[in-house]
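> sequence plus predicted model, see below.
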Amino acid sequence: MESCVVSEPTGLKVVMAHKGNCWFRLQTKGKAAHASFPEKGINAILMMMKLLDRIKGLSFDYEPHQFLGPPTINIGTIRGGVKINVVPAFCSAEVDIRIPPSLTSENVIEKILENIEALKREDPSFKADFEPLSLNPPFEISEKEDLVQALIDASSFVLGKMPEVGGISFFTEAAIINNEAKVPCVVFGPTGEPHALNENVSVEELEKITKILALTAIKKISKRKEL
């Protein structure tokens, strides 16, 4: 059976789970007017502030995960208005929500739409749109999988000790490969700081990982021959 190791910077930790990501854009619509008489307009930025205040306070029903923390919410971008002396007629914001395996993108979207509808009921002038940008499910694999056991055994042999086993908070292609391609997958790699100004890997760790991955492949091939 095919299997895959996604080599992301895990610090030599064998990663069997990570969160999914739910990215979306929110847009509020107002009415432009001169800033000297704002009562003649509808301020889309103020509308967005109300909506984002609800978004950042969202709570979800989920089951705690042994390796992953709770869902996280990050408001990453916000844009609105055209000039300082004009009541803004539009505003947009992009939000990143990370979800553990017991949550789905559908759960998140339902919560957001509920809050948008609640604001519309409170204020008939409130107008907002929701646009999904990227919806990716969480990743999780059992420690009993042959690939996981082969990688743990190989790491123990090369490192001279049992490797750390657990999860990571960031998203990787492991979720797509495991969930959609149905290929057992694990995340494993060197120590590193992703997206840093000076990304690097030590030569010493590179040598260790090369040996570990080679030995993992040998163990997987040997296991296949036994079958």
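Sure thing, it's come through.
> element containing the closest residue to residue 3 other than its chain neighbours, please.
Excluding its sequence neighbours, the residue lying closest to residue 3 (Cβ to Cβ, 6 or more residues apart in numbering) is residue 147, at 4.2 Å. C-beta here means a position set from N, CA and C on the backbone, and glycine is covered the same way. Secondary structure here is read from DSSP states H and E; on that basis residue 147 sits in helix 146-159.
> so for that helix, mean pLDDT?
The pLDDT scores in helix 146-159 average 94.
> contacts only, for the residue nearest to residue 3.
Residues in contact with residue 147, defined by Cβ atoms under 8 Å, 6 or more residues apart in numbering, are 3, 4, 5, 141, 184, 185, 186, 216, 220.
> one more pass at 6 Å, please.
Contacts were defined as Cβ atoms under 6 Å, 6 or more residues apart in numbering; by that measure residue 147 touches 3, 184, 186.
> list the contacts for the second one?
For residue 184, the residues meeting the contact criterion (Cβ under 6 Å, 6+ apart) are 3, 145, 147.
> what does the last one give?
Applying Cβ under 6 Å, 6+ apart, one finds that residue 186 lies in contact with 5, 147, 148, 151.
> the last one and residue 6: what is the separation?
Taken as Cβ to Cβ, to the nearest Å, the spacing of residue 151 relative to residue 6 amounts to 12 Å.
> and the helix or strand containing residue 22, what does it pack onto?
Under the criterion of DSSP H and E, residue 22 resides in strand 20-29. Under the contact definition 3 or more Cβ pairs under 6 Å, 6 or more residues apart in numbering; DSSP states H and E, strand 20-29 sits against helix 44-56, strand 90-99, strand 128-136.
> which residues of this structure fall in helices?
Assignment of helices within the chain using DSSP state H yields the ranges 44-56, 105-122, 146-159, 174-179, 203-226.
> which stretch among those helices comes nearest residue 136?
helix 174-179 (5.8 Å; Cβ to Cβ).
> kindly export the closest one (C-alpha atoms) in PDB.
Extracted as PDB, the C-alpha positions of helix 174-179 are listed here (Å, rounded to 0.1, in the frame of the first residue of the first chain):
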ATOM      1  CA  ALA A 174      -1.000  15.700   4.700                       C
ATOM      2  CA  ALA A 175      -4.700  16.400   5.100                       C
ATOM      3  CA  ILE A 176      -5.300  16.400   1.400                       C
ATOM      4  CA  ILE A 177      -3.100  13.300   0.700                       C
ATOM      5  CA  ASN A 178      -4.600  11.400   3.600                       C
ATOM      6  CA  ASN A 179      -8.300  12.500   3.400                       C
END
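> pLDDT of that helix, averaged?
The predicted model gives helix 174-179 an average pLDDT of 91.
> likewise for stretch 71-90?
Averaging pLDDT along stretch 71-90 gives 96.
> what's in contact with that stretch?
30-33, 35, 38, 41, 43-45, 52, 56, 60, 91-99.
> repeat that for 7 Å
Contacts made with stretch 71-90 from outside it, assessed by Cβ atoms under 7 Å, 6 or more residues apart in numbering, are listed as 27, 29-35, 38, 41, 43-45, 48, 52, 55-56, 58, 60, 62, 91-100, 103.
> before we move on, the earlier item: now the helix holding residue 147 and helix 203-226, what's the angle there?
With axes from the mean of the first three to the mean of the last three Cα atoms, to 10 degrees applied, the angle from helix 146-159 to helix 203-226 works out at 140 degrees.
> now the helix or strand of the chain with the lowest mean pLDDT: buried residues?
Sorting the helices and strands of the chain by mean pLDDT, DSSP states H and E puts helix 203-226 at the bottom, at a mean of 82. Within helix 203-226, the residues that qualify as buried by neighbour count (16 or more other Cβ atoms under 10 Å) are 205, 208, 209, 212, 213, 215, 216, 219, 220.
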